[in-house]
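Chemist: Sharing a sequence plus its predicted fold:
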Amino acid sequence: KVRSLGYPFRFVELAQEINDRMPRYVAERAQQLLNREGRALKDAKVLLLGVTYKADIADQRESPARPVARRLARLGADLSFHDPFVTEWQVDGTAVPPADHDLPAALREADLAIVLADHAAYDSETLTRHARLLFDTRGRTRDVHLETVELL
């Protein structure tokens with residue numbers, strides 16, 4: 001709307017550019033974390049935690065999880081998801097299988113778990129105790145020394 005009125009709105013444009021780059025960054029960082037552990041992203045079991053737009057809601061529209069999943073799938077990751085608000089999830093018409101409803105079991109089975117939505121169900125103790133490797137993009141585990149980056 002601001003653009004149509006002829007006003008400069010560079011700050012919003014810059015924020016959008018950063019948001020647009022985040023899926024690529026998350027996929028690259030996931031690849032680096034796995035490589036550091038002697039694993040390749042190709043065929044690695046990657047668990048996406050939270051596929052909704054924001055915390056503790058079921059709305060999936062404009063969720064950053066979809067472009068992240070798209071990039072990870074292109075790189076050969078074996079994806080699954082866990083979300084207390086979503087039972088079925090698709091990326092580009094392809095169903096992504098839900099992980100075991102038992103979150104600790106799902107975390108143990110994954111080579112890498114990536115926190116994408118800040119759901120209250122994802123408490124830092126459960127995440128850090130059961131995940132083999134965790135990439136926390138939402139800061140759920142700030143009180144624990146782990147890899148974190150905040151998605152805007």
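Modeler: Perfect, thanks for sending it.
Chemist: what residue is smack in the middle of the protein?
Modeler: Centre of the chain computed as the mean C-alpha position; nearest residue by Cα atoms, centre = their mean is Leu116, 3.2 Å away.
Chemist: quick check, Ile114 in a strand?
Modeler: Yes. Assignment of Ile114 by DSSP: H, G, I helix; E, B strand; the rest coil places it within a strand.
Chemist: you'd agree it is up against Val51?
Modeler: No. With contact defined as Cβ atoms under 8 Å, Ile114 does not count as touching Val51 (10.7 Å). No exception for glycine: its C-beta is placed from N, CA and C like everyone else's.
Chemist: Who has more neighbours out of these two?
Modeler: More crowded of Ile114 and Val51, by other Cβ atoms under 10 Å: Ile114, with 30 against 24.
Chemist: where do the helices sit along the chain?
Modeler: 10-36, 65-74, 103-109, 124-130 (DSSP state H).
Chemist: How far off centre is the third one?
Modeler: Relative to the mean C-alpha coordinate of its chain, helix 103-109 is positioned 16 Å out (Cα atoms, centre = their mean, to the nearest Å).
Chemist: Just the CA atoms of that helix, as CSV, please.
Modeler: The C-alpha trace of helix 103-109 is given here as CSV (Å, rounded to 0.1, in the frame of the first residue of the first chain):
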residue,chain,number,x,y,z
LEU,A,103,8.0,-36.1,20.7
PRO,A,104,10.9,-37.7,22.6
ALA,A,105,10.8,-40.7,20.3
ALA,A,106,10.6,-38.6,17.2
LEU,A,107,13.6,-36.5,18.3
ARG,A,108,15.7,-39.7,19.0
GLU,A,109,14.9,-41.1,15.6
